[in-house]
Each structure stands twice: as C-alpha cells, then as structure tokens.
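Engineer: sequence first, then the predicted structure:
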Amino acid sequence: MAFFFQRFCFEEVQMDGVPHGSFFSSDLLPSLGARINQATKLRRYIVSPYNSRYRAWEMWLVVLVVYSAWISPFEFAFLTYKKDALFIFDNIVNGFFAVDIVLTFFVAYLDSQSYLLIDDPQKIALRYISTWFIFDVCSTAPFQSLSLLFRNHGSGFGLNILSMLRLWRLRRVSALFARLEKDIRFNYFWTRCTKLVSVTLFAVHCAGCFNYLIADRYPDPKRTWIGAVNPNFKEESLWNRYVTAIYWSITTLTTTGYGDLHAENPREMLFDIFYMLFNLGLTSYLIGNMTNLVVHWTSRTRNFRDTVRAASEFAARNQLPPRVQDQMLSHICLKFKTEGLKQQETLNGLPKAIRSSIADYLFHPIAQKASLFRGVSHDFLFQLVSEMEAEYFPPKEDVILQNEAPTDLYILVSGTVDLIVYVDGREEVIGRAIAGEVFGEVAVLCYRPQPFTVRTTELSQILRLNRTSLMNTIKANPEDGRIIMNNLSMKMKRPESMYSESQNRDEWCTKRGCQDHMHGDLSVNKANEIGSQGSKATEISELGEDTSHEGFVSAVEDSQTALHAAVCKGNIEMVKILLEGGANINKPDARGLTPKALAEQQGNKSIYDLLRCYENRNILNEHRIDFIEPETVVDTKSSQGKHEVNTGPSLFISHSNKAQTNSSSCISSCLHDGEAKKLTTRVTIHMQLQNRSTSQSQLGKLIILPDSMGELLRIAGEKLGGYKFTRVINAENAEIDDVCVIREGDHLFLLQDD
C-alpha cells in the first residue's frame, strides 16, 4: 500500500515551472500558439489541483470513501447508533470531508472551454455552489449527533436513511478508477478487473444489508426469509447474521438459488424482483467487460491463426511448391514471435528526433563496424541509421533474389546467409556472409540487378536501408560517398572476394562509372554524381521501369520505352532526365509511334517542342564546330586599361562523334535558346551594291553573329574591304535593327549612306 501511495502521489515531473506528477501531467495542455514553457502562476491562497500535497489529500479521502461505502449500509441494517467508538470514528471521518468542503473553495479548476486553470475565488465559489456543494454538505452533515441534541437516543429510520447519503462520496472512487485506467504506471487489465470486482462486492454487500433490514423490520419475524429457517435470528451474533445475509445475496446474484433461503412475504418478494432485475444489468455489464478484456488479450493469437490458415489455403489453391510454402509459413510464425521486438508501428508514430535517437542508440554500433561504412563521418552514419529498419528472417528464407531490381542494402546483425547463383537451372553456393557483413551493396551502388540470391541459413536479424535514402545521403555528403566507394573497391579487390577475378570485376564495374573505383580513389565530384544518378534512377523507377542499365531505358509494356511512359504521363522533368541519359527518341513502340509522335498525338506541346529541339540539336551537333577563345591572363602591371593578354591561337574541336555527350547541352539549349543562339548562330554577310543581282553573285563571308548591331557593322566593314556600313537588310529587303531577329544561316546585306 505504501508503494502504491508513493507511485501515485509523489512521482513528479517538471511542467511549466510547477511540479506535477506524471499521472496528471497530460491533463493540463497549453493552447495552440501558447509557449510550452509558460508557467502557470496562481493567486495567493489558491491551490493547484495538480499539487502533489493536494493529490495526497485526495488519496486519503478515497480511503475514507471506501470505509464509508462499507459502513453506511452495514450500520443502516445491523447497528443502532450509540455513543461508542464507532460513533466517534464516524464523526472524525465526517470532519475530514467537512475540511475538504472548505478546501474546495480554494482549489483552482480547469475550465472545459478555454482549458485554462481558473484561480478567481468568486468563480471557484460560484461553480462549486452551483454543482456539488449541496450534495457534499448533505453527505457530511452529522445527523446522528444533531438528533442527540434534541432526543435521548439517535436511532430512527429517518435518520438512518439520511446517513445513507454518505454513499454520494463514491463519485470520488469512480473518478479515481477513470484516471487509473489512463495511468501508464498501472496495468490496464488488472485495473479494469479490480474495478469490476469492487462493483460486484459492493452490490452484494448492499443487497445483503437491505434484505436483512426488511426481515428485521417486518412485524412477524417467522415470516421472513431468515426467520423461516431460524425464528430466533435476532439473538444470533452480528457476524452470523451478516454472513447469512451475504450468503443469500451472492447466491441470488449468481442465479445459483439453492432454495434454502427465499422470500416469505410481499416486501421481500418485491425487493427480490428489483434485485434480480438489477442483477440482469450487472451481469451483462460484467460479462461484456470481461469478454472484451479476454478477447483483446487473445486477439493477437487469433489473428495469427487466421493468417496461417489463409496462407495455407492460398498456397494450396495456387499449387505453390513446398519450399515457397515453408517460407511463407516460417515468415508468418517469425513475425508473430518478433512482433513485440520490432514495434515499427510504434516508432512510426514518434517524432523524427525521438526515432533518430532510438535508431542511433540501437543501430549505430552495428553500422560503424560494417566494412562498407568504415571511415565515414559520425554525422553521415547518424543520418543513415535513422533510415534503417530491423527485420527478422527465419531459416531458409530468401532475402534477395538474383536479377531483381536493386532497392535495398542489407547489414547482417546476427545469423548467417548463403550467396547463391543459378547455373544451368541449378543452385550453386558461391559464398557466405556472417554477422556484421553487408550484402546487396554492389547492385545498389552500381545500379545493376542483384548478382545473386541471398538466403538465410538460420534465424537472422537484418538491417535494411533503402537505396533512395542511401543515395540522398551520399549526395549530401560527397566526401563520405568517396570513402564508401573506395571501401567497396577494396572489398572487391580482396582475394577471397567473389569479384576478385578481373573478368567478374569488369563485368560489374564497367557500367555506371564503377570502373573508376577499381583503379583509384573516387573524387568528390564523382561521388556527388553517383548520388545524383541514384536520385534520378529512383525517380525513373517510379514509372515502373528497370533503371539498372544505360540511359535508364528498358521496355515496359507493348514494347514501350521509359521515354514513352514519361511522355504518356506528361512528366516533362522525367523526359529531360531520360534525354540526358541518352534515350533513343526515334525508337517506335508496338504501334509504330515514336516518343515525339506520341507527344504530338496527345497534344502535349511542351514535351513535343522539347523532343523536336533535342532532335534538331542532335543533328546539328554532328557537324558543329566549337570555337575556343584564346586563354587570357590579367596583366596587373598595365595601367592603360588593357588587362587581357592573348596567350595562344584559337582552337576548334569537331563534334562529329559527340552526339550523345552533348545531349544534356541540347536540352539546356532548348531551355535557354536565346543564350545558346548567341554562341552558335552563323550568318553570311554581303555588301549591297547598286545592282542587286551583281551583289548576290559575289562571294559572301561566313561569320559568327556578334552580340550587337554595332559590332556586326564593324566586323562587316573589316571583312568586306574596309567600308563603313550603316544599315543591314535581309534577303527579303527588310531592314534589321536588332540582332535578336537574325536566325541561323541568314544572308545579310550591308548598306552605306548615300
């Protein structure tokens, strides 16, 4: 009992600067927008309902309520009031409740509308007087003592009925159980059982006392339920009479009814009728609550049995092979056993910071020892472990299947797994991973299908890390990404590694830049690029595509490529990514439609213009020549304003073999056409003579279009013999005032003033 009081009354937490017990700390919440650390300052002489001393006072009153609930019906039926020890003790108990009535006028209350503590004495008094004050006074008034002031004895049926008003105090016990059911420090099942047992015992006690009172007050004692068996029952001891009354009450409540004690007069029959009607409701209440508790207790096992039966029926109906059936049932059984260990639903309901702290405590030491993450920063590991999920796998269950898409990376916490490949339809074990090792990393980091099947050999706990989370973290931490790729390179170079042979290594590392890892350290930019590629691959995988090979392009349905799927979805960002990856825009689907034709058919002008621009740029890139300006350095010694010094001749590079390399620049040129135009627009200039036909027969000069009209006139004057031109017209004899209207391949004619 002392332990109960200590836990209930004196365990405190700091909330809003005021000590509150954890039991009540959830009752007082700040309003939306209020400062969470705002202290609640009450007026002088006003007590907080969450004060630890006031809670101890309430618990003491609950003990007195239990005493009052038992003694009131007992005194009403069996005792006459005299000036004895029981009379004095009853008045002392009444004194405690009288003090509580006075104290209630100084206790703040929680307003149900504003959810704030009200400490105004007038409002407190008005609320108490208008609610429970009258009932509390009637249940506390010493009617027996008042009757002794006017009469020599305090007995009387009317006074006994008034004394029964003390049962009003039971509302405190009801409120206590309502709070205990929400208190996480007490078991909910046993709290409910205690409440149900208490209600039953109180009903039995009251019914026995009231039925004895009817027999005791009846004129003919022999015609009563107890007098028919024992005519001189009033001469029996108090203990025997009370036990007999409780015996009758409980046999009637349980509907046992042995027949030895039964109603003998109309008063008793009428009471029995109402008591049995009450028993119907009480029994229904008890059975309903107990059934609910038991069903809730066994629901987990019932759901497990239903799941096993459904899985067995599914396997039999679809004629699955025995190995797959065993894996299904083993997984379900293991999930049932480890359901209390995973608690993933509980973690998902917690804030991100708490989940990260839990994951860091549980998974950080394991991830730190993994060879793939050896040497990375603590911050990088902290970000990774918050995305990891623990899973349990039974023996002989496949974790990864050969050639499936790389979606997750796995760290083996406990147990062992076999690495299996299929050769000519036969399984061949090529390696084994033990606790602390990583598998699935090659496929995830190199964007290749899984190289082998991974199957557990015993009960194993495995940490799973999603590829998207890993790549996003690498992209944000390129230096750690370089360390990871170098660790992967070292692992694959080891003699005992299955990738140690050069042929196997080349097979896996010649794609997606992984060959860089095998011949040296990975640069920071390369690691960042890998993170970017991982993000793009993940985005494309949302289209249902296989992103494991070049350009992230593969067939989906009806011979469609990923580019077809992106066009169908109208996802212009995905179209850009696929074009950067080298997607073939001229490959038709089963209906003979190319991606450009499909965009035109759907009326998606933005995607159609992008594909057409890419196609045109791709054709031009085959014959484009880029001019590289001479390198310049700043002459710090010159004070004449000429700070740029030419260091070499002009260079040019042919692009006939760089169509795919420039795919990203093609898209950029479509997005920034005006800027790209200034760099690549070529025009032919002519000098306009009096005879137009003569001028057109002269050879023109092919130049790069400058940035302004003045620069165009100056260059034309130098190229065409030193003339000073003032106007420019096109082949249609229209005067040009701005270089922005000049297009690629235009013929321009220069004129002088008359």
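Structural biologist: Thanks, I have the structure now.

Engineer: got the contact list for Ala203?
Structural biologist: Applying C-beta atoms under 8 Å, 6 or more residues apart in numbering to Ala203 gives the contacts Leu253, Phe278, Leu282. Every residue, glycine included, has its C-beta placed from N, CA and C.

Engineer: how close does the second one sit to Phe210?
Structural biologist: What it means is Phe278. 11 Å (C-beta to C-beta, to the nearest Å).

Engineer: could you list the low-pLDDT ranges of the stretch 101-250 of the chain?
Structural biologist: 148-157 (pLDDT under 70).

Engineer: before we move on, the earlier item: out of the contacts of Ala203, who's nearest Thr140?
Structural biologist: Nearest to Thr140 among the contacts of Ala203: Phe278, at 27.6 Å, using C-beta to C-beta.

Engineer: neighbours around that closest one, how many?
Structural biologist: Neighbours of Phe278 under the rule other C-beta atoms under 10 Å: 14.

Engineer: so where does it fall, helix or strand?
Structural biologist: Assessed by DSSP states H and E, Phe278 sits inside helix 266-317.

Engineer: list the helices and strands that helix packs on?
Structural biologist: The helices and strands touching helix 266-317, judged by 3 or more C-beta pairs under 8 Å, 6 or more residues apart in numbering; DSSP states H and E, are helix 188-217, helix 238-253, helix 322-337.

Engineer: any idea of the mean pLDDT in whichever helix or strand Thr684 is part of?
Structural biologist: If you go by DSSP H and E, Thr684 is part of strand 682-687. Averaging pLDDT along strand 682-687 yields 88.

Engineer: which one of the helices and strands packed on helix 266-317 lies closest to Asn289?
Structural biologist: Closest to Asn289 of the helices and strands packed on helix 266-317, according to C-beta to C-beta: helix 188-217, at 5.8 Å.

Engineer: backbone phi and psi for the nearest residue to Asn586 once chain neighbours are set aside, please?
Structural biologist: Distance criterion C-beta to C-beta, 6 or more residues apart in numbering; nearest residue to Asn586, sequence neighbours excluded, is Thr594 at 5.6 Å. The phi/psi pair for Thr594 (degrees, to the nearest 10) reads phi -80, psi 170.

Engineer: and Asn403, its phi and psi?
Structural biologist: Dihedral angles for Asn403 - degrees, to the nearest 10 - are phi 70, psi 10.

Engineer: just checking, it touches Pro449?
Structural biologist: Yes: at 4.5 Å, Asn403 counts as touching Pro449 under the criterion of C-beta atoms under 8 Å.

Engineer: picking up where we left off before, I'd like the contacts of Ala203 as a markdown table, with distance to Ile430 and pLDDT appended.
Structural biologist: Shown next, in a markdown table, are the contacts of Ala203 (distance: C-beta to C-beta, whole Å; pLDDT from 0 to 100):
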| residue | distance to Ile430 | pLDDT |
| --- | --- | --- |
| Leu253 | 73 | 91 |
| Phe278 | 76 | 93 |
| Leu282 | 70 | 91 |
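
Engineer: mind checking pLDDT for the nearest residue to Thr407 once chain neighbours are set aside?
Structural biologist: Distance criterion C-beta to C-beta, 6+ apart; nearest residue to Thr407, sequence neighbours excluded, is Arg467 at 5.6 Å. In this prediction, Arg467 carries a pLDDT score of 91.

Engineer: pLDDT weak spots in the stretch 251-400 of the chain?
Structural biologist: 338-345.

Engineer: same deal with the stretch 601-750 of the chain?
Structural biologist: For the stretch 601-750 of the chain, the ranges with pLDDT under 70 are 616-680, 689-698.

Engineer: for it, what spans make up the helices?
Structural biologist: 605-621, 663-671, 673-680, 692-697, 709-719 (DSSP state H, counting those that start in this stretch).

Engineer: buried sites along stretch 577-594?
Structural biologist: Buried residues in stretch 577-594, counted by 16 or more other C-beta atoms under 10 Å: Ile577, Leu578, Leu579, Glu580, Gly581, Ala583, Ile585, Pro588, Asp589, Leu593, Thr594.

Engineer: just to check, the last one is in contact with Lys587?
Structural biologist: Spelled out, that is Thr594. Yes: with contact defined as C-beta under 8 Å, Thr594 reaches Lys587; the gap is 6.8 Å.

Engineer: measure Tyr45 to Leu103 for me?
Structural biologist: Applying C-beta to C-beta to Tyr45 and Leu103 gives a distance of 11 Å.

Engineer: mind checking which of these two has more residues around it?
Structural biologist: Neighbour totals were compared for Tyr45 and Leu103, and Leu103 leads with 12 against 8 (other C-beta under 10 Å).

Engineer: distance of the more buried one relative to Asp260?
Structural biologist: Distance, Leu103 to Asp260, by C-beta to C-beta: 50 Å.

Engineer: what is the burial count for the closest residue in space to Val66 that isn't next to it in sequence?
Structural biologist: With sequence-adjacent residues excluded and distances taken as C-beta to C-beta, 6+ apart, Val66 is closest to Val173, at 6.9 Å. A total of 18 residues lie near Val173 under the criterion other C-beta under 10 Å.

Engineer: between helix 188-217 and the host helix or strand of Val173, find me the angle.
Structural biologist: Using DSSP H and E, Val173 falls within helix 170-180. Put simply, helix 170-180 runs at 160 degrees to helix 188-217, going by axes from the mean of the first three to the mean of the last three C-alpha atoms, to 10 degrees.

Engineer: quick thing: my sequence starts at 30, can you match it?
Structural biologist: Understood, numbering begins at 30; the last thing we discussed is helix 199-209.

Engineer: next up, phi/psi of the residue sitting nearest the centre point of the chain, please.
Structural biologist: Nearest to the geometric centre of the chain sits Asn377, at 3.7 Å (C-alpha atoms, centre = their mean). Per-residue torsions, Asn377: phi -70, psi -20 (degrees, to the nearest 10).

Engineer: list the contacts for it?
Structural biologist: By C-beta under 8 Å, 6+ apart, the residues touching Asn377 are Arg384.

Engineer: again, but for Gly729
Structural biologist: Taking C-beta under 8 Å, 6+ apart, one finds Thr713, Ile714, His715, His776 in contact with Gly729.

Engineer: among these, who's most crowded?
Structural biologist: Neighbour-wise, the contacts of Gly729 (other C-beta under 10 Å) top out at Ile714, 22 neighbours.

Engineer: tell me the contacts of it?
Structural biologist: Neighbouring residues of Ile714 by C-beta under 8 Å, 6+ apart: Gly729, Lys730, Ile732, Ile744, Ala745, Lys748, Leu749, His776, Leu777, Phe778, Leu779.

Engineer: so how far is Glu87 from it?
Structural biologist: 100 Å.

Engineer: chain center to stretch 511-521, what's the gap?
Structural biologist: 33 Å (C-alpha atoms, centre = their mean, to the nearest Å).

Engineer: rewinding a little: how about the helices and strands packed on helix 295-346 in TSV, adding distance to Gly739?
Structural biologist: Listed next are these as TSV, based on distance: least, C-beta to C-beta, whole Å:
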stretch	distance to Gly739
helix 217-246	87
helix 267-282	111
helix 351-366	78
